[in-house]
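Asks: from the sequence below, what's the structure:
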Amino acid sequence: MSLPPEVIHGRTVQAGAFRHDTMGPGIDAIVHIEIEVGRDGLVKSVKVLSGDREFIPDAESYLNEAEFPKMPDDPRLANARRVWDMEVVFFTPKTSSAVSP
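Replies: Just a heads-up that it's a prediction; the model follows:
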């Protein structure tokens, strides 16, 4: 499962569940976060597992603003919990290669 990309402070940011990204060219930071999603589809709790401190606030904000599917109103799911490990990846901004006349 991946969330749609978003631009934050000039960087493209995208999160995916249970990924194993590694730092490399084009990636500025990876923040590993565990989230719990409530029955209403909103993030209930966020626990930072690792990542560059500079990027943690933006990663938390990105995930807190995300919308997930609501749980069906089914009594068999009354005690169901949705907890995911998410990696929020911050990509290096592209530089403009346009030349001025």
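Asks: from residue 71, how far out is residue 60?
Replies: From residue 60 across to residue 71, the span is 23 Å (CB to CB, to the nearest Å). The C-beta positions use only the backbone N, C-alpha and C, and glycine is treated the same way.
Asks: contacting residues for the residue nearest to the spatial centre of the chain?
Replies: The residue lying closest to the centre of the chain (CA atoms, centre = their mean) is residue 15, at 3.4 Å. Residue 15 is in contact with 2, 3, 59, 62, 63, 66, 86, 87, 88, 89, counting by CB atoms under 8 Å, 6 or more residues apart in numbering.
Asks: ok, the fifth one touching residue 36?
Replies: In this case it means residue 63. No: with contact defined as CB atoms under 8 Å, residue 63 does not reach residue 36; the gap is 10.8 Å.
Asks: more neighbours, those two?
Replies: Comparing residue 63 with residue 36 by other CB atoms under 10 Å, the one with more neighbours is residue 63, at 21 against 13.
Asks: which strand residues bridge the residue nearest to the centre of the chain?
Replies: Judged by DSSP bridges, the bridge partners of residue 15 are residue 88.
Asks: mind listing what's buried along the worst-scoring helix or strand of the chain on mean pLDDT?
Replies: Ranking every helix and strand in the chain by mean pLDDT, DSSP states H and E puts strand 11-17 at the bottom, with a mean of 74. Under the neighbour-count criterion of 16 or more other CB atoms under 10 Å, strand 11-17 has 11, 13, 14, 15, 16 buried.
Asks: then stretch 41-52?
Replies: Under 16+ other CB under 10 Å, the buried positions of stretch 41-52 are 43, 46, 51.
Asks: so which of those is the closest to residue 7?
Replies: Distance ranking of the buried residues of stretch 41-52 against residue 7, using CB to CB, places residue 51 first at 18.9 Å.
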